[in-house]
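**Student:** Here's my sequence, what's the structure:
(chains A and B, ligands or ions: 2)
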Amino acid sequence: MIHFDNVTKVYRNQNRPALQHVNVSIEKGEFLFLVGPSGSGKSTFLRLILKEERPTQGRVHVAGKDLSRLSNWRVPHLRRRIGCVFQDFRLLPNKNVFENVAFALEVIGKPRRFIAKVVPEVIDLVGLEGKAHRMPHELSGGEQQRVAIARAFVNRPMILLADEPTGNIDPATSIGIMKVLDRINRTGTTVVMATHDAAIVDAFRKRVVELEGGRVVRDQSRGVYGQAY
Amino acid sequence: MRAQFVLQEIWIGLRRNLTMTVSLVITVAIAMALLGTGLLVKLQVDSSKSYWHDRIEVSVFLCNKTSTNPSCNKTDATDQQKAEIKRDLEGSPVVAQVTYESKEQAFERFKETFSSNPGLLQGTKVGDIPDSFRVRLSDPERVDEITKLLANRAGVDQVVNEKEILDRFFKILNGLQWAAIMIAAIQVIAAVLLVANTVRLSAFNRRRETGIMRLVGASNLYIQLPFILEGAIAGLIGGLFAAILLVGSKIVLIDQLQESLEFTSRLSWTSVTGVIVFSICVGVLLCAVASFLSLRRYLRI
Ligand SMILES: Nc1ncnc2c1ncn2[C@@H]1O[C@H](COP(=O)(O)OP(=O)(O)O)[C@@H](O)[C@H]1O
Ligand SMILES: [Mg+2]
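**Tutor:** Ligands and ions are numbered 1, 2, ... in the order given. Sure thing, here's the model as predicted:
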């Protein structure tokens, strides 16, 4: 589903590479933790999958397509098949839960009837039943992150990328978020989650890829956060 | 769905930076009104020019007793001189038509033209306008050949070319027209910069929305359309105000100009409407293109 083929990324005006010679293959339906300290290149890894950044060297394949050969005007179509969740939720403050989720479908031109049907389904799936008309500021951090996940998943993407989704949430609530991501993974969606939350990684026992200074230092199935734990 | 969503986004954008929108509308209105006025004056000048082009005459005034030209010797031109002049004029290839106008006929015509001005009529008597040949040219640009032909000719007092008088007058109108167009051009530049700035500000205000749109795979067109239409709508509103100003300038400026200068060809409302539609289209297009270009850098994939 996702293949990094000897990928190196050096940002403009930066001498130290953010990623160096990264080779990672992620299969369809996998759940993968991307771990490592701040600045180790986790977000860069995710941005390369979205073609928000281009590799300086090497190739990234997503769903069998070489992204370097994907023309710019086709990038939106790639992104429609990839959902994204971030540490800071990125909700629209002046829209309620339903409207926030529906926004993702409106802007890709889905018909109103389709939106009216699928949005409530997804809101239920992430555990927000009955809260469709709440505004973001009326929700807890965990609930806001559930809205963000609903928005990322409402178009049924084949890949879900989560960049430290529990970074702003207390540990107890994080478990709930992880359960939602697990539920989504069970529908066959490939999930890649960047995190430095050791407890979560240890509890879930999924595949772990560890980055350090832009290099892959560990790729372990059913791994834990780090040797020290 | 799509249309409603886009319209809603445009409305939000225009309302959110209202002061910018208002200044943009005013600038576009003034720019387009000036451009339109310039075009109206140009249309008027062109149509008058072609009207006069066909009617321009060269008057060959003949000697009489009051002529100041020393070669006339204060005597009337003889019949023989008149016949020679007429023959030579008719033989010239640049002459289309020659008519003789006696001083009595000239006086009659003068009376007719200035019938509403009794003071002027009282002070004029037969003979003040001398006998003349009125020559219509096949090509008014080649008047020199007539002047040359009649230079130092016995019996000719002076050759008066109407074209020279008209040319001086059209020069003034031309200047007016260019002044309007120049100011319009400066206004257009101001309008373009304002549009670019307004739209960029609008895009900055909504970077959260557009960021999410990019992330969920909205197409570029879909992301940019609300902003481009925002500029275009501001341009349209400005254009409509310009239309009002243009109707005003047709009534106040052009019609007055026609009356006081006795233009025989009137500018029709059809051509005024044409100019208005053209100005509005230019305004809308200008704003849309300026928006698009200012966004290209800002909302890249
Ligand atoms: N847009 C950028 N421009 C320049 N340097 C960047 C940019 N984004 C990230 N970096 C650098 O790349 C390295 C990896 O960053 P990042 O991928 O964000 O790491 P992580 O998400 O693991 O904290 C860091 O040294 C960071 O400073
Ligand atoms: Mg990061």
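**Student:** Only C-alpha atoms from now on, for both contacts and neighbour counts.
**Tutor:** Fine.
**Student:** Does the helix or strand where residue A:84 lies reach ligand 1?
**Tutor:** Using DSSP states H and E, residue A:84 falls within strand A:82-86. No - judged by C-alpha under 6 Å from any ligand atom, strand A:82-86 stays clear of ligand 1, getting no closer than 11.0 Å.
**Student:** Show me what that strand is packed up against.
**Tutor:** Where contact means 3 or more C-alpha pairs under 8 Å, 6 or more residues apart in numbering or on different chains; DSSP states H and E, strand A:82-86 is packed against helix A:141-153, strand A:159-163.
**Student:** now the angle between strand A:159-163 and it, please.
**Tutor:** 20 degrees (axes from the mean of the first three to the mean of the last three C-alpha atoms, to 10 degrees).
**Student:** Need the residues that contact strand A:82-86.
**Tutor:** A:50, A:145, A:148-149, A:151-153, A:157-165, B:215-216 (C-alpha atoms under 8 Å, 6 or more residues apart in numbering or on different chains).
**Student:** taking the mean pLDDT, what do you get for the helix ranked longest in chain A?
**Tutor:** Criterion DSSP state H: the longest helix present in chain A is helix A:171-186. Throughout helix A:171-186, pLDDT has a mean value of 94.
**Student:** how far is that helix from where the chain is centred?
**Tutor:** Distance of helix A:171-186 from the chain centroid (C-alpha atoms, centre = their mean, to the nearest Å) equals 13 Å.
**Student:** contact partners of that helix?
**Tutor:** Here helix A:171-186 has contacts from A:29-31, A:125-127, A:142, A:145-146, A:166, A:191, A:200, using C-alpha under 8 Å, 6+ apart.
**Student:** Next, the buried residues of it.
**Tutor:** A:174-177, A:180-181, A:184-185 (16 or more other C-alpha atoms under 10 Å in any protein chain shown).
**Student:** just the contacts of helix A:171-186 now: which is nearest chain B?
**Tutor:** Closest approach to chain B among the contacts of helix A:171-186 (C-alpha to the nearest C-alpha): residue A:145, at 14.7 Å.
**Student:** ok, back up a step: filter the contacts of strand A:82-86 by proximity to ligand 1?
**Tutor:** Okay, of the contacts of strand A:82-86, nothing touches ligand 1 (C-alpha under 6 Å from any ligand atom).
**Student:** what's downstream of the strand holding residue A:84, the next helix or strand?
**Tutor:** Under the assignment DSSP H and E, the closest C-terminal helix or strand after strand A:82-86 is helix A:97-106.
**Student:** Any chance of the backbone angles for the residue of the stretch 201-301 of chain B found nearest chain A?
**Tutor:** In the stretch 201-301 of chain B, the residue that lies nearest chain A is residue B:217 (4.0 Å; C-alpha to the nearest C-alpha). Backbone torsions of residue B:217, given as degrees, to the nearest 10, read phi 90, psi 30.
**Student:** Identify the residue spatially nearest to it, adjacent ones excluded.
**Tutor:** In space, residue B:217 comes closest to residue A:76 once its chain neighbours are excluded; the distance is 4.0 Å by C-alpha to C-alpha, 6 or more residues apart in numbering or on different chains.
**Student:** Verify the contact between that neighbour and residue B:219 for me.
**Tutor:** Yes - counting by C-alpha atoms under 8 Å, residue A:76 does reach residue B:219; the two are 5.6 Å apart.
**Student:** Can you get me a residue count around the residue of the stretch 201-301 of chain B closest to chain A?
**Tutor:** Residue B:217 is flanked by 26 other residues according to other C-alpha atoms under 10 Å in any protein chain shown.
**Student:** mind giving me the domain split of chain B?
**Tutor:** What the record gives for chain B is the domain set B:3-52+B:167-298, B:55-162, from automatic domain parsing.
**Student:** Helices of chain A, start to end?
**Tutor:** Assigned by DSSP H, the helices in chain A fall at A:42-49, A:75-80, A:97-106, A:112-125, A:141-153, A:171-186, A:198-204.
**Student:** what residues does chain A put near chain B?
**Tutor:** A:52, A:72-73, A:75-80, A:82-84, A:90, A:92, A:104, A:106-112, A:152 (C-alpha under 8 Å from any C-alpha of the partner chain).
**Student:** Of those residues, select the buried ones using a PyMOL command.
**Tutor:** Here is the PyMOL selection string for the buried members of these, based on 16+ other C-alpha under 10 Å:
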select buried, chain A and resi 75+76+78+79+80+82+83+84+90+92+104+106+107+108+109+110+152
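**Student:** Need the pLDDT of residue A:68.
**Tutor:** Value for residue A:68, per-residue pLDDT: 93.
**Student:** If I look at residue B:264, what pLDDT would I see?
**Tutor:** Value for residue B:264, per-residue pLDDT: 56.
**Student:** what stretches of chain A score poorly on pLDDT?
**Tutor:** For chain A, the stretches flagged by pLDDT under 70 are A:227-229.
**Student:** Quick one: residues contacting the closest residue in space to residue B:17 that isn't next to it in sequence.
**Tutor:** Leaving aside its sequence neighbours, residue B:17 sits nearest to residue B:202 (C-alpha to C-alpha, 6+ apart; 7.2 Å). For residue B:202, the contact set (C-alpha under 8 Å, 6+ apart) comprises B:13, B:16-17, B:227.
**Student:** Does residue B:202 lie in a helix or a strand, and which?
**Tutor:** With DSSP H and E as the test, residue B:202 turns up in helix B:162-205.
**Student:** distance between that helix and the chain's centre?
**Tutor:** That offset, for helix B:162-205, works out to 13 Å (C-alpha atoms, centre = their mean).
**Student:** Just the CA coordinates for the helix or strand just after that helix, please, in CSV.
**Tutor:** Past helix B:162-205, further along toward the C-terminus, the next helix or strand under DSSP H and E is helix B:207-215. Output in CSV follows, covering the C-alpha atoms of helix B:207-215 (Å, rounded to 0.1, in the frame of the first residue of the first chain):
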residue,chain,number,x,y,z
ARG,B,207,-6.3,29.6,5.6
ARG,B,208,-7.8,27.1,8.1
GLU,B,209,-10.6,26.3,5.7
THR,B,210,-8.4,26.1,2.7
GLY,B,211,-5.8,24.0,4.6
ILE,B,212,-8.5,21.5,5.4
MET,B,213,-9.8,21.6,1.8
ARG,B,214,-6.4,20.8,0.4
LEU,B,215,-6.0,18.0,2.9
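**Student:** now helix B:207-215 against strand A:82-86, angle please.
**Tutor:** Using the same axes, to 10 degrees: helix B:207-215 against strand A:82-86 is 150 degrees.
**Student:** Helix B:207-215 near chain A at all?
**Tutor:** Yes - using C-alpha under 8 Å from any C-alpha, helix B:207-215 comes into contact with chain A via B:208-209, B:212-215.
**Student:** what about the helix or strand just after that helix, average pLDDT?
**Tutor:** Using DSSP H and E, the helix or strand that directly follows helix B:207-215 along the chain is helix B:220-249. The pLDDT scores in helix B:220-249 average 87.
**Student:** tally of neighbours for whichever residue of the stretch 1-150 of chain B sits closest to ligand 1?
**Tutor:** Across the stretch 1-150 of chain B, no residue is closer to ligand 1 than residue B:13, which sits at 28.2 Å (C-alpha to the nearest ligand atom). For residue B:13, the number of neighbouring residues by other C-alpha under 10 Å comes to 23.
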